[in-house]
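A.B. asks: Return atomic coordinates for the entry below.
(one chain, ligands or ions: 1)
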Amino acid sequence: MTRVLKIGAAQLGPIQRDDNRKEVVERLIALLNKGAVESCDLVVFPELALTTFFPRWWSENIAEFDHFFETEMPSREVQPLFDEAKKLSIGFHLGYAEMTPDGHRYNTSILVSKNGEVLGKYRKVHLPGHEEHEPWRTFQHLERYYFEPGNEFKVFGAFDGVVGMAICNDRRWSETYRVLGLQGCELALIGYNTPVHYPPDPSQDALAGFHNHLVMQSGAYQNGMWVVGVAKAGNEEGCDLLGESSIIAPSGEIVAQCSTVEDELVSAVADLDMCANYKDTLFDFDRYRRPEVYKAITSQVGIEIPEGIEVGKQEDGHLED
Ligand code: CDT
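C.D. replies: Numbering: from 1, shown residues only. From the prediction side, this is the model:
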């Protein structure tokens, strides 16, 4: 059996605060149709693909932003996307703000099969930014105020392979890919909204594109998996969001990349069997991993410099056995 998928990375341009769901869903459907022209099996939409990136604003009353959340999926407004995808026989990945029946808020993504069935749901584990109002910032990043964190990285049997999901900031953490990789993940789908300007350290602004690809390419290579990273891009409510959506092979190479910061679909053929080239050789986990040496990764959160090391007061680098 050959396991070859045609994947579309469906980058979105900005969604402004007053754009309604119907308009946005029409844009998603247009991208889906571009995917159909390119014979895609799976189209990947970004994080919070139905709304503007609302955590850039503070509201004393959190419920004031509840209209940015979906209380059911598919909702009435999103149903046409499910219908069109089913008609075209294309699966898709979609990020959105989720409100559960008992009032919990998550930054969520779902994986939908070619016949419109929700195969899997993921809730963002690494919530970046801050939880309090920080008016000094050009743009706030209040994900830690608006969302609760999810608690697991899972994989799903889908599209003849093992598929995992992560969301935006998750892609910067090597643990994300490894936990997926340890479950045999062959294809990781990752949506993002990444402001180009990083207020706590603007020296990183010029490196935003480099860091984006650096982390996803390493994650792909070190775990022998395909990675699809898809942006909401462009100038959204005055905030520039990074584009450069890409499809990355298990070799770590980028095989397709968006060139605009607008609605744009790029596609690539992904041979899932190519994962074995890496999983069975250089990154043969069974053979080479040494979990007994990695205990600090799960037992410790922050940095703990071992006793006896006084930073800045060392001798000239001489090491004693
Ligand atoms: N959406 C998201 O997670 N964005 C973050 C911005 C970090 S700055 C607080 C990212 O890692 O791209």
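A.B. asks: pLDDT of the helix or strand hosting Ala188, averaged?
C.D. replies: Using DSSP states H and E, Ala188 sits in strand 187-192. Computed over strand 187-192, the mean pLDDT rounds to 99.
A.B. asks: what pairs with it, and is each one parallel or antiparallel?
C.D. replies: strand 161-167 (parallel), strand 226-231 (parallel) (DSSP bridges).
A.B. asks: and the longest one, which residues are buried?
C.D. replies: Looking back up the chat, that one is strand 161-167. Going by neighbour count (16 or more other Cβ atoms under 10 Å), the buried part of strand 161-167 is Gly161, Val162, Val163, Gly164, Met165, Ala166, Ile167. To be clear about C-beta, it is placed using only N, CA and C from the backbone, and glycine gets the same treatment.
A.B. asks: tell me which of the residues you listed is nearest to the ligand?
C.D. replies: Among these, Ile167 lies closest to the ligand (Cβ to the nearest ligand atom), at 6.9 Å.
A.B. asks: Could you double-check that the closest one lies in contact with Glu47?
C.D. replies: Yes - shown here, Ile167 and Glu47 form a contact pair, counting by Cβ atoms under 8 Å, at 5.1 Å.
A.B. asks: any common contacting residues for these two?
C.D. replies: Residues touching both Ile167 and Glu47 (Cβ atoms under 8 Å, 6 or more residues apart in numbering): Gly95, Asn107, Ser109, Lys124, Gly191, Tyr192.
A.B. asks: Kindly identify which of these also come near the ligand.
C.D. replies: When Cβ under 6 Å from any ligand atom is applied, the members of these adjacent to the ligand are Tyr192.
A.B. asks: List just the nearest of the shared contacts of Ile167 and Glu47 to Arg290.
C.D. replies: The shortest approach to Arg290 among the shared contacts of Ile167 and Glu47 belongs to Lys124, at 29.7 Å (Cβ to Cβ).
A.B. asks: For Asp260, list the residues it contacts.
C.D. replies: Actually, residue 260 is Thr rather than Asp. With contact set as Cβ under 8 Å, 6+ apart, Thr260 has these partners: Gln11, Gly13, Ala233, Gly243.
A.B. asks: phi, psi of it?
C.D. replies: Note on Thr260: its backbone torsions stand at phi -120, psi -180 [degrees, to the nearest 10].
A.B. asks: Then Thr51?
C.D. replies: phi -140, psi 170.
A.B. asks: How about the contacts made by it?
C.D. replies: Counting by Cβ under 8 Å, 6+ apart, Thr51 has contacts Ile15, Arg21, Val24, Phe68, Tyr96, Ala97.
A.B. asks: Is the fourth one in contact with Tyr96, as I believe?
C.D. replies: The reference is to Phe68. No - contact between Phe68 and Tyr96 fails when scored by Cβ under 8 Å: they sit 9.1 Å apart.
A.B. asks: would you list every one of the helices in the stretch 101-250 of the chain?
C.D. replies: 143-146, 174-181, 208-223 (DSSP state H, counting those that start in this stretch).
A.B. asks: mind listing what's buried in the shortest one?
C.D. replies: Along helix 143-146, the positions that meet the burial threshold by neighbour count (16+ other Cβ under 10 Å) are Glu143, Tyr145, Tyr146.
A.B. asks: In contact with the first one, which residues?
C.D. replies: Contacts for Glu143 were tallied using Cβ under 8 Å, 6+ apart; they are Pro55, Asn107, Lys124, Leu127, Pro128, Gly129, Asn169.
A.B. asks: who wins for neighbours among these?
C.D. replies: Of all the contacts of Glu143, the highest neighbour tally under other Cβ atoms under 10 Å goes to Asn107, namely 28 neighbours.
A.B. asks: how close does it get to Ala30?
C.D. replies: Using Cβ to Cβ, to the nearest Å, we find Asn107 at a distance of 25 Å from Ala30.
A.B. asks: Please apply the same query to Gly150.
C.D. replies: For Gly150 relative to Ala30 (Cβ to Cβ), the value is 30 Å.
A.B. asks: Same question for Leu48.
C.D. replies: Distance from Leu48 to Ala30, by Cβ to Cβ: 19 Å.
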